[in-house]
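1. next come a sequence and a model predicted from it.
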Amino acid sequence: MAIRPILIIPDARLRAVADPIIEVDDEIRALAKDMLDTMYDAPGIGLAATQLGVMKRIVVMDLAGEDEPAAPLVMINPEITGFGDEMQVTEEGCLSIPELYYEVERPSTVTVKYTDLEGKQVDLEADGRLAVCVQHEIDHLDGVLYIDYLSRLKRDRVIKKFDKAARRAAG
């Protein structure tokens with residue numbers, strides 16, 4: 001089990017676009033395991049490789065409830081191929097923006113295609129919480145944070161708070 005440090009804003013790597021994964025090999029499978037271990041330890045329900053400073057297009061999620069068995073989902077090179085017409089507003093948080101939660105509006109259903117850990121292509125229809133998580137994590141791979149969906153005032157306030165904390169920590 002390897003728990004890796006999670007990047008916190010304003011780390012510039014969180015704004016980088018991840019590179020596609022060419023081959024699902026042992027290195028990618030080990031990365032997926034580390035990502036799941038890190039996500040469970042945090043604790044969170046989703047994590048993108050870019051949040052660990054690894055610029056590869058892979059995300060992990062697990063939306064199982066506390067009393068349910070783990071249900072890890074690993075998506076390699078995920079791509080949203082369709083959005084539903086209905087929108088939903090849900091409270092989102094992010095391991096790279098700790099302890100802050102904001103309401104974000106996103107499509108309530110998405111279709112996503114990705115490669116699994118066996119190298120197979122998968123098409124998935126996601127709705128509700130899974131649709132939100134898929135969109136949130138794929139955004140990370142494109143250098144987009146959920147605070148980018150907030151008003152400029154709220155977003156600037158969040159960024160200023162973390163900039164100040166980073167300056168204090170650097171000291």
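-> Sure, I can see it.
2. report the central residue of the chain.
-> Per C-alpha atoms, centre = their mean, the C-alpha nearest to the average position across the chain is that of Glu137, at 2.7 Å.
3. for it, what are phi and psi?
-> Per-residue torsions, Glu137: phi -70, psi -40 (degrees, to the nearest 10).
4. helix, strand or coil: sort out the nearest residue to it once chain neighbours are set aside for me.
-> The spatial neighbour of Glu137 that comes closest, neighbours along the chain excluded (C-beta to C-beta, 6 or more residues apart in numbering), is Val59 at 3.9 Å. Any C-beta I mention is one placed from the backbone N, CA and C, and that applies to glycine too. Under the three-state scheme (DSSP: H, G, I helix; E, B strand; the rest coil), Val59 adopts strand.
5. for Val59, give its distance to Glu27.
-> Per C-beta to C-beta, to the nearest Å, Val59 is found 17 Å from Glu27.
6. before we move on, what about Asp127?
-> The gap separating Asp127 from Glu27 is 33 Å, by C-beta to C-beta.
7. who's more crowded, the two?
-> A count of neighbours by other C-beta atoms under 10 Å puts Asp127 above the other of Asp127 and Glu27, at 15 against 11.
8. now do the helices in the chain.
-> Here the chain has its helices, by DSSP state H, at 26-41, 128-141, 152-170.
9. for those helices, state which one has the densest average packing.
-> Among those, helix 128-141 has the highest mean neighbour count (mean count of other C-beta atoms under 10 Å), at a mean of 21.
10. packing partners for it?
-> The helices and strands touching helix 128-141, judged by 3 or more C-beta pairs under 8 Å, 6 or more residues apart in numbering; DSSP states H and E, are strand 46-48, strand 58-61, strand 73-83, strand 87-94, strand 97-107, strand 109-115.
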